[in-house]
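S.K.: I would like to see how this sequence folds:
(2 chains)
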Amino acid sequence: MSSILSFTILGLFTGAAYAIAASGLVLTYTTTRVFNIAHGAFGMVMAFTFWDFSQRQGMPTWLALVLVLGVVAPGAGWFVQRFVTRGLGEGPVSVSLVVTVGLFVGLIGLAQYIWPPAPRTVPPFLAEEGVNLGGTYVTAHQIITIALSAVVAFALYALLNRTRVGTAMRASVDNPVLLQLFGGKPDLVASLSWAIGISLAALAGILLTPVIGLNYYDLTLLVINAYAAAMLGRLKSLPLTFVGAMGLGILQSFAVAYLPSEGNLAGLRAVVPALFLFVVIVAMPQAQLRIGQVKGIVSAPLPTLTKSLGWGAGLLVAVALLTVAMGDADLLLVGTAATYAMVMLSLVLLTGYGGHVSLAQFTFAGVGALAYAKLDEPNLVGLFLAAGIAAVVGALVALPVLRLTGLYLALSTLAFGVLMDKMVFQADFAFGYNGTLRAQRLSVLGREFSSTGGYVLVMTVFFVLMALTLLLLRRGVIGRVLIAMRDSPAACGTLGLDMRWFRVGLFGLSAGMAGLAGGLFAGLRGTIGAADFQLFNSLPLLLLAVVCGVTSVTGAAMGGVGLMLLPVLQSSRPELAGLVFAVLGFGAVALGRDPNGLANLVFGLGRRLDRRFGDRVRAAVPVLPLPGHRVEDDSATAVPLAETLGGPLSSPVPGSVLIVPEGEPVPGHLDPAHQSQEEVPAHVAP
Amino acid sequence: MSLLEVDDVVVQFGGVTAVDHASFVAEAGRITGLIGPNGAGKTTCFNVISGLQRPTHGKVRFDGRAITRLPVHRRSRRGMGRTFQRLEAFGSLTVRDNVRVARDIHRGLAGLLRPASADVDGLLERVGIAEYAGERADSIPTGVARLLELARCLAADPKLLLLDEPSSGLDESETDAFGELLAALAAEGRAILMVEHDMDLVMSVCDDIHVLDFGRVIASGPPAVIRADAAVQKAYLGYSDEAPAGDPSPADLTREMEAIRA
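M.R.: Take a look at the predicted model:
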């Protein structure tokens, strides 16, 4: 009996901490429409800061608390809202997701750089104190935490319902522009809610640290628990969020108490929040389609078929030369780059064309690799079967989110990644705990590729084929429908498209592509383990894909090479390991607003060179049977418009978040400002 | 039985009642106007009919069947098409591809396998924007984009067209041509329900008119009746307490309105 009580109290304690974190998340999301995936990461960094102040520098606990909760955390929140996430709420969800994932990765890198791995402990508040409650000892820390959650709940209620600025906060949820017209200051409201939100993340982090320990990842993943709790209140209702948080805390506590700690179910204890999340999501009602064009996305030009074939052949020749010149160790790196590039191609389909975000693309590659190794059919049949299994798993992940919008899908992939990391990949039937599996290299139509060079060449062929297929898809019906869905979901709906199933299919296809890459990777490496496909690797993958250009095949190739170089860079300068992630993360924060990425700069350079020297080169070269330089028909006629204006243009659409790169048309005529005559006073005809 | 029947629909946003027990119909082969001052709830009615907004209360019937709880895309499959007041063109596709996508979606799986493009140019020609076919939809003028949305609807050959302010952004001669196009579309047996602020257009092409004010239908009838309706004039011109005694005569109003126009 007393054990039930003690586990309930433990559950209430963690639930209270989740409630504090979750209410901060809800506050920032509802007032600014930016879901902060880095919410837990902020809690983590603030907990480290608290450790630094109170333990390393020896400040009194109260001073450290006041400094962190009253100065550092609100300051960080204000700064981030002001300079990073401002205006993201009106843009595509994919952009705000990528930017906050950038913060997520950047903050982990920053923490690793400032506080290199070492054992650190934060003692609980009033460590010696506690009371005996019906035979159960309750620590003062637990009581303080539960009491603080009540204080936070009351304070937020009072703030939102009893103060002017709170009323403005609620108003800015509905319409920030209108709020401004009535003399409110949406920017101030947004900054304030982010300052409070990050402080709450910090408080939750500090309260949880004595129990779960001070490390980079566990506190960062707090965002999933907070999100799961907030989902019960549909990311809107604070009271329901508190209920969800307490329920989750108690559920988790009971899972620890009563679920077996051995065998295949052992992993279940770690994934209670993720499972809770899926259950809540399945129970959510159908979301209304959002009316309003998604503005500000420009797609990189699509090359002609001949041009793509030419570049593909060129890439194959280049890799063939490398296989002759390089040793096996370097060739392994080339093969790894090809794998990453293929996984990024799957993101080009999903994110670049479809406008959806997956935060766990490596997990799908892992499913493919696992299936390939387990099937033990090292031929095309085995490879495609493995890809098919990954595709089915991808579709299954998208299925519960069928009725909801893109944000929920992306967050579900995060929960799915945790689920696979902690429960499936480490299970005995998969890779096993810290275990590995052996995989044979693929043979194509009976021909084996035992040399690393030959195998790398095969992988490159696969990359080129996948890229060509993708470009073909983009040109055809499916590509057009994908772009249409991205530009205006509401119009697609009224034209009769059932976007739910289309999205599940898209997600499955993308997961299948990642799975294929995973299968090939398994063959390249020979032995693979769970560590190769960790969730946290998927985030730098997403960031590099976006930074390099997630709308083009070229961007995927560049990103693949870049991601391969990251660990090389880290192992050559271990002291900079954290810094590399910080640079990547914050770089994505800076560049994430333009999904066309660096690849588009390359295209721009190519166009400029062509304008400058193209005619001279063409005049010098005898007539080629290739068609002339042509931009894809979607944007062909619009190019001169921007050219006449010259120079990089920022989009004239208010609230639009993306920079329109040079050579792209300006979406001026759909500017809502141009439609201000929409409700002209009417007159009755005589 | 009318093709579209909106029956006692109420829509509330928080404490605001946008549509207040509104009932009206649209008949096949006729052009029906839905007019009213700013914020009268016209676009909200469109959202309820097309499924983008669930009503707090009331029913919508289409083609003899209740569709109140049907998802957006299923309504479209039953023969309903709409345009948007705030444009929803596919900005990064060309004008031609906008219509082509609509065609492909309408044809479903068959469209995926064997895309057809022959009739797409015909549709662009019919609404009079063929010259813009190759341009990106986010670089065309507003008026053209509205016609593009109409062409996109027509690609699915709908029985009911919901047009939300289709003529804004068109000049006088274009509006005349547009009126003729509407008449021709109605003559094919389609029902057209149109929210419109250009009263000349409404009065000349509509067969029936419903007037919304503060979410309520305050008048219904042919143009001549609506023109003479006292409640309508009050809603539009704001005559209430300031009016010295009783309602002003229609003749006074006519003079007044002509003055406003000039």
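
S.K.: report the contact partners of residue A:528.
M.R.: Each residue near residue A:528 by C-beta atoms under 8 Å, 6 or more residues apart in numbering or on different chains is listed here: A:369, A:373, A:431, A:436, A:437, A:439, A:521, A:522. Quick note: C-beta positions are derived from backbone N, CA and C, even for glycine.

S.K.: how does chain B divide into domains?
M.R.: Domains of chain B are assigned by automatic domain parsing as B:1-79+B:158-222, B:89-157, B:229-262.

S.K.: for residue B:68, give me its contacts.
M.R.: With C-beta under 8 Å, 6+ apart, residue B:68 has these contacts: B:55, B:58, B:59, B:60.

S.K.: so the second one sits against residue B:10, correct?
M.R.: Yes: Residue B:58 is within contact range of residue B:10, at 5.6 Å (criterion: C-beta atoms under 8 Å).

S.K.: and chain A, what are its domains?
M.R.: Looking at automatic domain parsing, the domains of chain A come to A:2-283, A:306-534.

S.K.: just those: most buried one?
M.R.: Most buried of these, by mean neighbour count (mean count of other C-beta atoms under 10 Å in any protein chain shown): domain A:306-534, with a mean of 21.

S.K.: got the end-to-end distance for it?
M.R.: By C-alpha to C-alpha, to the nearest Å, the extent of domain A:306-534 from end to end equals 38 Å.

S.K.: show me which residues of the stretch 401-550 of chain A are close to chain B?
M.R.: Along the stretch 401-550 of chain A, the residues adjacent to chain B under the rule C-beta under 8 Å from any C-beta of the partner chain are A:476-478, A:480-481, A:483-484, A:486-488, A:490-499.

S.K.: show me the strands in chain A, by range?
M.R.: Counting by DSSP state E, chain A has strands at residues A:130-133, A:136-139, A:436-438, A:443-444, A:447-448, A:527-529, A:649-650, A:659-660.

S.K.: could I get the ones you listed as CSV with mean pLDDT?
M.R.: Formatted as CSV, the strands of chain A follow (pLDDT from 0 to 100):
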stretch, mean pLDDT
strand A:130-133, 79
strand A:136-139, 84
strand A:436-438, 85
strand A:443-444, 80
strand A:447-448, 80
strand A:527-529, 88
strand A:649-650, 34
strand A:659-660, 32
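
S.K.: so which of the contacts of residue A:528 sit within helices?
M.R.: Counted as lying in helices by DSSP state H, out of the contacts of residue A:528, are A:369, A:373, A:521, A:522.

S.K.: contacting residues for residue A:457?
M.R.: Residue A:457 neighbours (C-beta under 8 Å, 6+ apart): A:316, A:319, A:320, A:323, A:449.

S.K.: circling back: for residue A:64, find the nearest of the strands of chain A.
M.R.: In terms of C-beta to C-beta, the element of these nearest to residue A:64 is strand A:136-139, at 19.9 Å.

S.K.: on that earlier part again, of all the ones in helices among the contacts of residue A:528, which two lie farthest apart?
M.R.: Taking C-beta to C-beta, no two of those sit farther apart than A:373 and A:521, at 10.6 Å.

S.K.: can you show me the strands along the stretch 51-200 of chain B?
M.R.: B:57-62, B:65-66, B:80-82, B:160-164, B:191-195 (DSSP state E, counting those that start in this stretch).
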